[in-house]
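predicted coordinates and the sequence they were generated for:
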Amino acid sequence: MADDCCATQLIHGNGKFNVQGLHSFMLTTNLSQCGLSYAVVAVMGPQSSGKSTLMNHLFYTNFREMDAFRGRSQTTKGISIAKCVRVAPFTIAMDLEGTDGRERGEDDTTFEKQSALFALAIADIVLINMWCHDIGRERAANKPLLKTVFQVMLRLFSPRKTTLLFVIRDKQRSGLPMPASFLPSRL
């Protein structure tokens, strides 16, 4: 079923837009037949916070996920999109590269600002994934990034409404099996 989602790299980690990939995505998913009747859901947040996993569980996409048993590392580079399976109307899931990643360096926030603004400009819903223990922290909670993006968005896109949904995470995988009685039937 996740194979039906047609996951595609929209913007590469170097910031280059994948025109051919978008064209292929539109043809394969019949997006052009939807007209204006489609939605976009994006997820943003710190690196290794489970953004791809969250999207895969909610929307039956198949974004690449980090293997926590191999150690924390960057999995999503740039921005990927996929068709949400079993969701009507036609919905596109957008998985953004994590913020605060050591791969880009501590001071290089240009790409994360650009990708966050891009997501807020085109998405109907933006999921902001964050760890419970990061609430109240200046950098870890992405406060400077969100402040900058909101200021720019208010100046450029004031009539546009985007729903922001904060997803608070407080449980990490431990490597210990979880008893089946604790697992919800549907996340």
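Everything's here; your move. Numbering: from 1, shown residues only.

C-alpha from now on. contacts and neighbour counts both.
Noted.

quick one: the helix or strand where residue 20 lies to chain centroid distance?
For residue 20, the enclosing helix or strand under DSSP states H and E is helix 19-29. A distance of 19 Å separates the centroid of the chain from that of helix 19-29, by CA atoms, centre = their mean, to the nearest Å.

can you show me the CA trace of the helix or strand following that helix as PDB?
Per DSSP H and E, the first helix or strand lying C-terminal to helix 19-29 is strand 38-44. Written as PDB, here are the backbone C-alpha positions of strand 38-44 (Å, rounded to 0.1, in the frame of the first residue of the first chain):
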ATOM      1  CA  TYR A  38      -6.100  18.700  -3.200                       C
ATOM      2  CA  ALA A  39      -4.400  19.400   0.100                       C
ATOM      3  CA  VAL A  40      -0.800  19.500   1.300                       C
ATOM      4  CA  VAL A  41       0.300  18.400   4.700                       C
ATOM      5  CA  ALA A  42       3.900  19.200   5.700                       C
ATOM      6  CA  VAL A  43       6.000  18.100   8.700                       C
ATOM      7  CA  MET A  44       8.900  20.100  10.200                       C
END
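
buried stuff in strand 38-44?
For strand 38-44, burial by neighbour count (16 or more other CA atoms under 10 Å) applies to 39-44.

need the contact list for the closest residue to residue 89 other than its chain neighbours.
Nearest residue to residue 89, sequence neighbours excluded (CA to CA, 6 or more residues apart in numbering): residue 38, at 5.7 Å. Residues near residue 38 by CA atoms under 8 Å, 6 or more residues apart in numbering: 89-92.

equivalent analysis for residue 42, please.
Residue 42 touches 93-96, 119, 123, 125-127, counting by CA under 8 Å, 6+ apart.

let's see it at 7 Å
If a contact means CA atoms under 7 Å, 6 or more residues apart in numbering, then residue 42 has 93-95, 119, 123, 125-127 as its contacts.

many thanks, I have nothing further to ask.
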